[in-house]
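Visitor: sequence and predicted model, in that order:
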Amino acid sequence: MAVGLNNTLNTSRLSLLSQQTNIDIIGHNVANVNTPGYSRQVGILQTTPPLADAVGMRGTGVETTRIMNLYDRFIGMQLNMENSTMGMWQARSDALADLNRTFNEVGDYGLLPVIGEFWNAWEDLANNPEGTAQRVSVVQNGKIMTSSFNTMNEDLVTQKRILRQRIEGGVQELNNLTAQIAQLNEVISRNEQLGQDANDLRDRRNYLLTQLSGMIDINYFENEMAQVTVLSANGKSLVQGIQSYDLRVDADPLTKDPLIVWNDDISPMNEHVSGGEVRGWLDAWDDLTTAHDQLQELAAALIFHVNQEHVQGYGLDGTTGTLFFDHAITLSEGANNLGDGVLAFDPAQGMDGIDWATLANYDDFEIQFTADYGGVGDEFRILDTSTGEDLSPALIDTSVAGELAIDFNNGYFVKIVYDPTGTSPRAGDTFSLSFRGNAARTVEVNDVLEDPAKIAAADNPLEVPGNNRVALGIAQLQYGLTMSSQSATFNEFYASVVSSVGSLSRLASSNEENSALVAEQLQLKLESVSGVSIDEEMTNLMRFQQAYAASARIISKVDELMQSILQMV
Amino acid sequence: MRTTNSMMFLSVQSRIARVEEMRAKFLDQISSGNRIASPADDPVGLAKVMNYSAEEVRISQFGRNMIDGTAWLTAIDHAMSETVDIFMRVDTLLLQAGNDTLNQDNLNSLAGELETMLESLVGLGNTNNAGSYLFAGHQTRTTPYSLLGEGLGALYQGDDGQRNIEVGVNQELMVNAVGGGYALDGRDIDGFFKQDGLHDADARDAFDLLSRTVEELRSAASRSYQTSSAIDETISAELISGQLSVAVVAADGSGEKVVTISDSLPFSMHAGGATTAEYAANNAWSINERLALAVANGELEEEELVTVSLRTQVAGAAVVDPGAAVTLAAGDLTINGTAIGPMELQEVDGDEVVALANIREIASRINEQSETTGVWATYEGSGFNYHLVLNNLAAGSHALNDPISITATDEATSWTGLGVASMAGVETTVYHAGAADPDPPVNPEDYDSQNAALPGAETTTVYNSNNGRLTFSGGVEFELQEHTSGVLSSSLGLTSNEGTDTHQAMTVLSARLMEVQRYMAHFGGQQATVGARMNRIDRSVQTYEERTINLKTFIAEIKEVDITEAVMNYQMAQNAYEATLAASARIYTTTILDYLS
C-alpha cells in the first residue's frame, strides 16, 4: 500500500489531538493545584500501530492511551496511620487544655490559696476565740472554699458534657465518611469496570480515607472490583463493598462513661480503638474522670476531717455536735436490682443516721446481697469499695417489718426499706453509699453557722470563750498526712493532682506536635509525588504547545504539497 | 526530590505557624513575667511552686499569730514588772513596819498604803488585752479577780486554761500566764502558792498575802507568830473512836515514842467530852492536854516542839450508782442553818467536767446565800479532785469567831453524787479567815486557858478561833485545818519539829517579809519565762522572714522568666518570622509565568 499525503495528514491530526488532550490534562492539573487530595494526572502517550510497507515499518503517529494519576498508595497508607496518631493526640490535647485551665494554679486565683485562707481563718480564730469577726471570717472563707469546689466541679461536669457531645458528633461524622466511601466504591467500581480510570473519584476516596483515619484507626485494602474494604482495629468492617456500617455512642448505665458500639453489637469496642480522635476523646474522658474523682476525694477528705474535729467542739453558746460542712452523702440502689428495697439513712441513730464522732473514714460502701433476703440478715456483705475491704459483720435489726436496719459499725446507720408484701432484696441486689460521689458538687458551710456563736472553737464547754483547742486542731489539719494513704497533706495531694493534669496535657500536646511533624513530612512526600507544580505544568504546556504548533505546521505543509499536486492537474 | 507548589505552601504555612506560636509564647512570657502560664508548661515546677507558696501563706499566718501573741505577752510582761515593783515597795514598807519604834498609827498608815497596793495588784490581775482578760485562763470574758472583805484576799473566777498560739508547724506557744503564772486562788500551782501547807497563816496567794498583812498591821497581831523553820521528824497517829496514839519517829528512824490517848485517859476532856464522838471532835483540846501530860510524864521532852495537822474526810459513805443524778432538796444541805438548795446535780460517771460543774453549782448556790450564811464558797482542784472551799466571810449576820456549821442530811447520797465514782465523797476544805483575837494575851501560855474557855464544839461544827490554832505552853502547836461532820476515822498526819535549836521565833511581819521576797522571786521567774517566750517569737519572726525571702526566691526561680533570655528568644523568633515571610514572598513573586509572554 502506498503511503499518501493523507497518511501524513492523519499522523499530524492524531498528534494535534494528543497534544490537545495533554494540554487539557495540564489545564485540569493547574485548575486543581489547590484541591485537597488531588493527585496530578498525566496522559500516557503511545505511538499508534505502524504500517508495514516496502520501506519498512512506517509510523502512524501518536495517541493518548490513558490518563494516569500519580499517587503512592504506600505513602498514603503511612500518612493515614500517622494521621490516626495525630488525631488521637490532638483530640486529647484539646480536651486536656480545658482541664488545664480548670486546674490552673499559676495565678493567685486557684483553689490552693482559697484553702490556705480557710486554714488561716481558723488560726485567726484560735488567736482570738472570743471574737465574732474571726468567726464570721471562718464562715466566709469556708463559703469561698466550698463555692470554689462547686465551681470546679461544675466546670469538670460541663467539660465532660461537651466531650460527650464531641464524641457523639465525631462518631456521626465518622458514619458520614464511611457512607461516602461506600458510595464512591460503587461509582468507582462501575466506571473502572467499563475500562476507565476513575482518577478524580479515587482521589476523593483517598482523601476521605485520610479523614477517616484521623478519626479512628483503620485498616483498608482494595479488592479486584476497585472497592476498598475498611476495617476497624478489632476487625469489624466499617465499609464492605458498597455497604457501610455505623458506629453509635452508648452510655455505661453505672458510670455514664461513653461506649463506642459497632452496628448492632451489644458490647462496646472501646478498648479496641487505639487511634484517631475517638481514642483521644475516650482517653480525655478518662483523664477528666480521674481529675474529677481526685477533686471529689479532696473535698470529701476536707469535709470529713474538719467535721470530725468540729462536731466534738463547743460554740460560744455551748452548742456541740454541729457539723461545719454540709454535703450530700448519696444513697442509691443498683440499676439491676430485682427487689424493691430502697436504701435510706436511719434517722433514729446518730445524727440522721451518721455518728460523726465514730465515723472511720470517707470511703464509699456497697451492700451486696449474696442470697435472697429471708429476714435473717446474713444474706449480704458490706464492701468498702474504696479499699476493696469486706466490712462485715455489721449489726442488724430486723424487728420492724419491711425494714432491714444495718449498723455498719463504723458510724453509718442505714436501713433498707422494702414492701413486706412485695419483693425483698434478692441475690445480686446492691445498695451503695457514697460519701465522695457528690462531695465537690454539694459541699457547703452548714447553714446553722450563720450564727457565728455556734462555731466550735473550744473543746470544753466550761472553758468557753477562751479555749481554742478545736480551732487550733482544725487549723493544724493542714499539716496532717491525711491523703494518699497517709502520705500527703491536702496541699501536696492537690499539687500532685494539678501536676499530673499538667503532665498529661504536656504529654498530649508534645505528642501531637511530634505526630503532626511526621504527618507533615509524609504529606510532603506524598505531595512530592502527587502534587501539581505550576512551573512544571507550564513547561509541559509549552512542550505540548510547540508540538501542537509543529504538527499544525506539518498539516499546512502537507496542504501546500496537496496544492502543488492539485495545481499540476 | 520533586517540589511542587502545594509543598512550598504547606511547609511555609506550618513554619510560619510554628514561628508565630513561639513568638506568641515568648511575648506572653515577657508580658506576664512568668515562665509558666499553665500547668502543662512545667507540671513538676508548678507542683513545687504550689507547695512553696502554700508554705509562704502559712508562714505569713504564723507571723500574724505571733503579732497577736506578742500583744498578749507584752501586756503580761508589763503587768508582771509592775507586780514586782509593787512587791519591792511592799518589801520596803514591811522592813519599815518591823521597826519596833513605830506606834499603831504609823502601822495603820502603812496598812493604808498596802491596801492601795492590793487594789493595784487586783487591777493588774485584771489586765486585759483587746477585751480578753490575760490572767483568767479560758474565762477571758469574766473579770478574774475581785477583792473579798478585809483580810480575806481576792476571789478568783478564772480557770487554769492555757491559751496557745501556733508559731510553727505543730509548734505551739503559750501566750497567757495561767498555770504557773500570775496568782490564783489558793491552788497548788507549781508547788508555790500553797507554801509549805502547814500553817494556815501562810498566805495562799499574793492577794491573800497583802490582805492579811494589812489586817495584821492594823490589829497589831504582827508581834507574835511562831513558825518552825525545819521539820526533821514525823509523828504519825491513829484516832479511832476517840483513841489517839502518837508515834514520834526521828528522821533517821530512831527513838520511836508512842503516846496514847483513849477514853480512859487520866486527864479531863475539854468541853463536853461525854461521848467518843465528841472527844474526836474536840481532839485538838484532848491532844493538847494529852501531850502536855506526856511532857509531864516525861514521855516527851520539855520544850520539844510538835506541830500537828489534823486532816479528815467525810466518813466512808455509800457509793451511789455511778451515773445516777442527784437531787438535793431544800433542806438537804445547810450552811450555818441556812438551806442551800434545792438543786439538781448532774450525773457523774467518771466525768471530770460534770463533777466540776456540780461543784460550781453548789458554790454558786452557797454564794447566793452568803449574806445569810456568812460563808463564801470557791472551788479548787486539779484532775478529779475538786474541792469546795468555804471561806468565813464574816459578813452579814454572821460574826467573826462564829462557827461555820455544815450539815448534809443525806450525806452519803448528796456528797457522793458530787464527786466521781472512785471517790467516797467530796473533800470539804474549810479555810479559816485568819481572825485574830481582839485582845491577845501577852504570854503564849495564856492562849491555852483562853481556848479552853471556848464553848465546846459540836460534831458538825468547825471553829475558826485564832486561825484554828492553839498554842501550848510547852511550845506545842496545833492546827485544825479541815473538819467535817462524822466520826474521825482517818489517820492524822502529824509532824514535829524537834529541838529548840532549830526553832526560831519570828514575828508575823518577818514571816510576811519572807513571803513577799519569795513572791518577788517567783514573779521574777515568771517574768523571765514570759521574756523567754517573747524572745522565741522574735527569733521565729526573724527565721520566718528569712524563710519567706528564700521561698520567694525559689518560687521566682521556678515560675518567673528570665527577661533577658525571653527578650532574646523573642527577638530570635521575630527574626525567624520575618525571614520566613521575606523568603516566601520572594519565592512566590517569581514563577515561570513571569517569563512567558
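Guide: Alright, I've got the coordinates.
Visitor: only C-alpha atoms for contact and neighbour calcs from this point on.
Guide: OK.
Visitor: so for the residue nearest to A:N83 when sequence neighbours are not counted, what's the pLDDT?
Guide: Computed as C-alpha to C-alpha, 6 or more residues apart in numbering or on different chains, the closest residue to A:N83 that is not its neighbour in sequence is A:G214, at 4.9 Å. The model reports A:G214 with a pLDDT of 93.
Visitor: would you quantify the distance from A:G214 to chain B?
Guide: 18 Å (C-alpha to the nearest C-alpha, to the nearest Å).
Visitor: hang on, that residue in a helix?
Guide: Yes - A:G214: assigned to a helix according to DSSP: H, G, I helix; E, B strand; the rest coil.
Visitor: so it sits right up against A:S84, yeah?
Guide: Yes - using C-alpha atoms under 8 Å, A:G214 is in contact with A:S84, at 4.4 Å.
Visitor: which neighbours do the two share?
Guide: With contacts defined as C-alpha atoms under 8 Å, 6 or more residues apart in numbering or on different chains, the residues shared by A:G214 and A:S84 are A:276-277.
Visitor: in a helix, B:L10, correct?
Guide: Yes - looking at B:L10 with three-state DSSP, it is inside a helix.
Visitor: residue contacts, it?
Guide: B:L10 neighbours (C-alpha under 8 Å, 6+ apart): A:L524.
Visitor: per-residue pLDDT, it?
Guide: As predicted, B:L10 sits at a pLDDT of 80.
Visitor: same deal with A:T489?
Guide: We have a pLDDT of 92 for A:T489.
Visitor: what's the burial count for it?
Guide: Residues near A:T489, counting by other C-alpha atoms under 10 Å in any protein chain shown, number 17.
Visitor: now do the end-to-end distance for stretch B:553-566.
Guide: Distance across stretch B:553-566, first residue to last, is 19 Å (C-alpha to C-alpha, to the nearest Å).
Visitor: what residues does the stretch 251-400 of chain A put near chain B?
Guide: By C-alpha under 8 Å from any C-alpha of the partner chain, no part of the stretch 251-400 of chain A sits against chain B.
Visitor: where along the stretch 251-400 of chain A do the helices fall?
Guide: Listed in chain order, the helices of the stretch 251-400 of chain A (DSSP state H, counting those that start in this stretch) span A:276-310.
Visitor: point me to the residue of it nearest chain B.
Guide: A:L316 (11.3 Å; C-alpha to the nearest C-alpha).
Visitor: now that residue. Nearest residue, chain neighbours left out?
Guide: Counting by C-alpha to C-alpha, 6+ apart, A:L316 lies nearest to A:A453, which is 4.9 Å off, once chain neighbours are set aside.
Visitor: got a list of what the one you found touches?
Guide: A:132, A:135, A:315-317.
Visitor: ok, now A:H310?
Guide: Applying C-alpha under 8 Å, 6+ apart to A:H310 gives the contacts A:321-324, A:455-457, A:470, A:474.
Visitor: how about 6 Å then?
Guide: A:A456 (C-alpha atoms under 6 Å, 6 or more residues apart in numbering or on different chains).
Visitor: any idea how far it is from A:I416?
Guide: Distance of A:H310 to A:I416, computed by C-alpha to C-alpha: 30 Å.
Visitor: rewinding a little: could you report the neighbour count for the residue of the stretch 251-400 of chain A closest to chain B?
Guide: Neighbour number of A:L316 under other C-alpha under 10 Å is 23.
Visitor: got a pLDDT number for it?
Guide: Value for A:L316, per-residue pLDDT: 90.
Visitor: for A:I218, see how far away it is.
Guide: On the measure of C-alpha to C-alpha, A:L316 and A:I218 end up 69 Å apart.
Visitor: do the same with A:N468
Guide: As judged by C-alpha to C-alpha, A:N468 and A:I218 stand 66 Å apart.
Visitor: more crowded one of these two?
Guide: Neighbour count, other C-alpha under 10 Å: between A:N468 and A:I218, A:N468 has more, with 31 against 28.
Visitor: right, and the more buried one touches A:A456 too?
Guide: No - applying C-alpha atoms under 6 Å, one finds A:N468 not in contact with A:A456, separated by 8.8 Å.
Visitor: which elements pack onto the top helix by length along chain B?
Guide: As assigned by DSSP state H, the longest helix anywhere in chain B is helix B:43-97. Applying 3 or more C-alpha pairs under 6 Å, 6 or more residues apart in numbering or on different chains; DSSP states H and E, we find helix B:43-97 packed against helix A:490-530.
Visitor: tell me what the helix it packs on is packed against?
Guide: Using 3+ C-alpha pairs under 6 Å, 6+ apart, helix A:490-530 sits against helix A:73-102, helix B:43-97.
Visitor: low pLDDT regions in chain A?
Guide: A:1-3, A:392-393 (pLDDT under 70).
Visitor: report the central residue of it.
Guide: The structure's chain A has its C-alpha centroid closest to A:W281; by C-alpha atoms, centre = their mean the separation is 1.0 Å.
Visitor: measure that residue to A:W262 for me?
Guide: Separation of A:W281 from A:W262 (C-alpha to C-alpha): 17 Å.
Visitor: can you check B:G125 too?
Guide: Where A:W262 is concerned, B:G125 sits at a distance of 84 Å (C-alpha to C-alpha).
Visitor: so what's the residue count around B:T116?
Guide: Neighbours of B:T116 using other C-alpha under 10 Å come to 11.
Visitor: scratch that, A:D283 is what I was asking about
Guide: 20.
Visitor: what's the closest non-adjacent residue to the residue in the stretch 451-597 of chain B positioned nearest to chain A?
Guide: Residue nearest to chain A within the stretch 451-597 of chain B (C-alpha to the nearest C-alpha): B:I592, separated by 5.6 Å. Spatially, and ignoring its direct neighbours in sequence, B:I592 is nearest to A:D535 (5.6 Å; C-alpha to C-alpha, 6+ apart).
Visitor: which SS class is the one you found?
Guide: Under three-state DSSP, A:D535 comes out as helix.
Visitor: work out for me the element the nearest residue in space to A:A360 that is not next to it in sequence sits within.
Guide: Of all residues not flanking A:A360 in the chain, A:N410 sits nearest, at 5.6 Å (C-alpha to C-alpha, 6+ apart). Per DSSP states H and E, A:N410 falls between elements, in no helix or strand.
Visitor: wait, isn't A:N410 in contact with A:L359?
Guide: Yes - between A:N410 and A:L359 there is a contact under C-alpha under 6 Å: 5.4 Å.
Visitor: circling back to that earlier point, the residue nearest to A:A360: neighbour count?
Guide: Around A:N410 there are 16 residues (other C-alpha under 10 Å).
Visitor: and it, how far from chain B?
Guide: Relative to chain B, and taking C-alpha to the nearest C-alpha, A:N410 is found at 25 Å.
Visitor: how about A:S84?
Guide: A:S84 is 19 Å from chain B, by C-alpha to the nearest C-alpha.
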